[in-house]
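Undergrad: The following block contains a protein sequence and its predicted model.
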Amino acid sequence: MKRSFGILFCLFFGLMGFAQDEATLKSQVRHAIDELVQFVGIPNDALDAADINRNISWLTREFNDRGFNTSVLPTEGRPLFFAALPMEDDKPTVLLYMHFDGQSVDPSKWDQSNPYKVVLKAPENGTFTERSFDELNDDIDYEWRLFGRSTSDDKGPIVMFLNAIDLLRKENKAIPFNIKVILDGEEEKSSKPLPKAVKQYRELLAADFLMINDGPVHASGKPTVVYGCRGITSLSITTYGPEYPQHSGHYGNYAPNPGLQLAQLLAGMKDEQGRVTIPGFYDGISMDEATLKVLKSVPEDSEKINEYLGINTPDRVGQFYQESLQYPSLNIRGLGSAWIGEKARTIVPATATAELDIRLVPESDGTRLKKLVRTYIEGQGYHVIDSIPRRELRLTHPRIATLREGSVTDAFRTDLDNAYGNFIVKTMGSAFGEPVVQIRIMGGTVPIAPFINELKIPAFIVPMVNPDNNQHSPNENLRIGQIDYGIRVFYHLLGSQM
Ligand SMILES: [Zn+2]
C-alpha cells in the first residue's frame with residue numbers, strides 16, 4: 001500500500017516536472033516537524049508581551065537564515081513581524097499573512113501536561129496514542145498528529161512556508177514573485193491594531209495580492225481556496241411589561257406580556273422558511289450562473305449536513321448550504337424572560353430580551369441592516385430607545401423597546417474571476433491533480449477583514465490544516481500529512497510562473 005503510493009507519487013511529480021521525489025519531500029517534512037516542535041515550545045499568548053517578543057526573536061532568526069530582510073513593526077498593541085526577500089521590479093508581489101500568537105491555554109483541560117510541549121500521537125481505535133519522535137526516523141506516517149497549542153493555528157503554516165522556501169532554495173528554483181510576509185502577534189485577540197498599522201506601513205506592505213494562510217481546509221479535506229468571509233454585527237432587543245413582575249393570577253389578561261411582544265416582533269421579521277421579510281434586507285445581492293456553478297461545485301451533501309446538524313429541513317434563504325452563506329443572516333443567538341424549568345414562576349414578567357447577531361456580506365452594510373430592523377420595530381408601534389425606560393416613559397407609551405447595537409466588522413470578498421485567484425486555483429489543481437474547492441465566502445468572520453479591506457488588493461485565504469484540528473480548544477493538533485500538503489502548496493504557488 002505504502003510502496004504503491006510512493007511510486008504514484010514519484011510518477012506524479014515526474015509528470016509535473018518538479019525535481020523533488022518522495023524522499024526529499026519527506027526529509028523536508030521531518031525537518032519541518034522538528035522546527036514546529038521548537039517554535040510551539042515558545043508560549044504565545046498575546047496577553048504576555050515577553051512571550052510575543054521571544055516568538056519574534058525566533059522568527060527573526062529563521063527568516064534571516066533564509067535570506068529574508070526582517071523588521072519588527074511597532075503598533076498600538078503587540079508588534080507585527082515583517083519579512084521580505086530582496087525586491088525585483090519586474091516581478092509581481094505577494095503579501096502573505098499569518099499569525100504567531102495562539103489562544104490562551106488551560107492545561108487542566110488538555111490530555112498533555114504542557115500544551116506548548118508538542119506530543120506525537122497515532123490514531124488507534126478512534127482515539128490517539130502517544131508515540132516517540134524516534135519512530136519518525138524510519139518513516140513518517142501522515143495520519144499521525146502533533147498535539148500542541150498553535151500546531152495548526154497558526155504556527156504550522158508559518159513553518160510549512162519556511163520549509164517550502166528551503167526546498168525551492170535546495171533545488172535552485174527561481175521564485176517569480178517578490179515575497180512579503182506579515183505575521184500578526186495578536187490575531188486571537190482580534191487584531192485591533194491592524195487596520196491602523198496598514199495605513200502607517202502602507203508602502204512597506206504594498207503588494208499585488210494577499211494570501212492568508214490561516215484556518216482549516218474544506219471539510220472534504222481537499223485543496224481549498226477561500227475568496228472571502230462574512231462580517232458581523234449584533235443587536236439586543238428588550239421589551240417591557242409591568243414595571244415589576246406581577247402575579248399572573250391577579251394580572252394575567254391585563255398587564256401586557258413582554259415575552260409575547262418580543263415573540264411577535266421576532267416572528268414578524270422572518271417567514272416560515274427562515275427568510276427575512278424586512279424590506280431591503282437582502283438588497284443588492286444577486287448571483288449569476290457562473291457564481292452558482294462555483295457554489296454548487298463545492299463537494300457537499302445536504303443530507304450529510306442535515307444529519308450532522310440533526311435537522312429535518314433547513315431554512316430556505318438559499319437553495320443549498322453554500323448559497324445560504326451568500327446572504328446576511330438574522331440570527332437569534334439568545335432569548336430570555338423571567339425563569340424557566342423548575343424555577344418557573346407564576347408571573348407576568350417585567351422584561352424579555354433577544355440577542356441577535358447579523359452576519360454580513362459585502363453587499364449588506366451592517367449599519368444599514370441594523371437601521372432596517374429598528375425601522376421595522378418602530379413600524380410595529382414601538383417607541384425605541386437605547387436605555388432602560390424611566391417610569392414617565394412607561395406611563396406615556398403603550399409599547400417600548402430598548403435597542404442596543406454592537407459594533408460592525410465588515411465582510412470581505414474577492415471576485416471569483418481574478419487573475420491571481422485563477423493562478424492559485426490552476427496551480428494547486430495541477431499540483432494535486434484534482435479540482436480545488438472554491439469557497440466564495442465562508443460563513444464565519446475573521447478579525448483581519450478590516451485589514452484586508454484597507455489594503456484594497458485581491459485577497460485569498462489558502463488554508464493548510466486539517467478541519468478537525470481542535471482550533472482554539474484543548475488538544476489542538478496538526479495531521480502530519482498537512483505539513484506535506486502545505487509545503488507543496490507554497491512550493492508550487494511561489495515557484496510557478498503566472
Ligand atoms: Zn488563526
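TA: Okay, I see it. Numbers count the residues shown, from 1 in each chain.
Undergrad: for the stretch 201-350 of the chain, what spans make up the strands?
TA: Along the stretch 201-350 of the chain, counting by DSSP state E, counting those that start in this stretch, strands occupy 209-212, 224-226, 228-229, 231-240, 246-247, 331-336, 347-348.
Undergrad: Point out the one among those that comes closest to Lys304.
TA: Comparing the strands of the stretch 201-350 of the chain by their distance to Lys304 (Cβ to Cβ), the top pick is strand 224-226, with 17.6 Å. Using the backbone N, CA and C atoms, a C-beta is placed for each residue, glycine as well.
Undergrad: Report the distance from that closest one to the chain centre.
TA: Mean-position distance between strand 224-226 and its chain equals 12 Å (Cα atoms, centre = their mean, to the nearest Å).
Undergrad: what comes into contact with it?
TA: 215, 217-218, 421, 424-425, 428, 436-439, 441-442, 460-463 (Cβ atoms under 8 Å, 6 or more residues apart in numbering).
Undergrad: and the strands of the stretch 201-350 of the chain, which is most packed in?
TA: A comparison of the strands of the stretch 201-350 of the chain by mean neighbour count, using mean count of other Cβ atoms under 10 Å, puts strand 228-229 on top with a mean of 26.
Undergrad: How about the contacts made by the residue lying closest to Leu59 once chain neighbours are set aside?
TA: Counting by Cβ to Cβ, 6 or more residues apart in numbering, Leu59 lies nearest to Phe81, which is 5.2 Å off, once chain neighbours are set aside. Applying Cβ under 8 Å, 6+ apart, we find Phe81 in contact with Ile56, Leu59, Thr60, Thr70, Val72, Leu73, Phe100, Val181, Ile182, Leu183, Gly185.
Undergrad: mind redoing it with 10 Å?
TA: By Cβ atoms under 10 Å, 6 or more residues apart in numbering, Phe81 lies in contact with 52, 55-56, 58-60, 63, 70-73, 98-100, 158, 181-185.
Undergrad: Among these, which ones are in strands?
TA: Thr70, Ser71, Val72, Leu73, Met98, His99, Val181, Ile182, Leu183, Asp184 (DSSP state E).
Undergrad: in the sheet, who's paired with the residue in the stretch 1-150 of the chain that the ion sits nearest to?
TA: Across the stretch 1-150 of the chain, the shortest distance to the ion (Cβ to the ion) belongs to His99, at 5.7 Å. Bridge pairing for His99 (DSSP bridges) gives the partners Asp184.
Undergrad: Kindly state the pLDDT recorded for it?
TA: At His99, the model reports a pLDDT of 96.
Undergrad: Residue numbers of this protein in contact with the ion?
TA: Taking Cβ under 5 Å from the ion as the measure of proximity, the chain contacts the ion at Asp153, Asp154, Asp214.
Undergrad: The second one and Ser191 touch, don't they?
TA: No. With contact taken as Cβ atoms under 10 Å, Asp154 and Ser191 are classed as non-touching, separated by 11.9 Å.
Undergrad: what about Gly41, how many neighbours?
TA: For Gly41, the count of nearby residues is 14 (other Cβ atoms under 10 Å).
Undergrad: Now it. Nearest residue, chain neighbours left out?
TA: Using Cβ to Cβ, 6+ apart, the closest residue to Gly41 is Tyr116 (5.8 Å).
Undergrad: and that neighbour, which of the three is it?
TA: Of the three states, Tyr116 takes coil according to DSSP: H, G, I helix; E, B strand; the rest coil.
Undergrad: Quick check: the gap between it and Leu73.
TA: Distance of Tyr116 to Leu73, computed by Cβ to Cβ, to the nearest Å: 25 Å.
Undergrad: Could you check which of those two is surrounded by more residues?
TA: Taking neighbours as other Cβ under 10 Å, Tyr116 and Leu73 compare with Tyr116 leading, 19 against 16.
Undergrad: tell me the contacts of the more buried one?
TA: For Tyr116, the contact set (Cβ under 10 Å, 6+ apart) comprises 39-45, 51, 102, 105, 107, 148-150.
Undergrad: Among the residues you listed, which are located in helices?
TA: Of the contacts of Tyr116, the ones assigned to helices by DSSP state H are Phe39, Val40, Asp51.
Undergrad: Adding neighbour count, write those residues out as CSV.
TA: Below are those laid out as CSV (neighbours: other Cβ atoms under 10 Å):
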residue, neighbour count
Phe39, 24
Val40, 25
Asp51, 19
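Undergrad: Can you tell me which of those is nearest Leu168?
TA: Relative to Leu168, the closest of the ones in helices among the contacts of Tyr116 is Phe39; by Cβ to Cβ it sits at 20.1 Å.
Undergrad: ok, now how distant is the closest one from Gln438?
TA: Phe39 sits 31 Å away from Gln438, going by Cβ to Cβ.
Undergrad: same question, Phe432
TA: Per Cβ to Cβ, Phe432 is found 14 Å from Gln438.
Undergrad: which residues do the two both contact?
TA: Pro223.
Undergrad: count of neighbours near Glu300?
TA: 17.
Undergrad: Equivalent analysis for Met87, please.
TA: For Met87, the neighbour count with other Cβ under 10 Å is 11.
Undergrad: So what's the residue count around the closest residue to Tyr282 other than its chain neighbours?
TA: The shortest distance from Tyr282 to any non-neighbouring residue, by Cβ to Cβ, 6+ apart, is to Tyr327 (5.8 Å). Applying other Cβ under 10 Å, we find 22 residues neighbouring Tyr327.
Undergrad: Residue of the stretch 251-400 of the chain nearest the ion, please.
TA: Nearest to the ion in the stretch 251-400 of the chain, going by Cβ to the ion, is Arg359, at a distance of 18.7 Å.
Undergrad: What does that residue show for phi and psi?
TA: Note on Arg359: its backbone torsions stand at phi -80, psi 130 [degrees, to the nearest 10].
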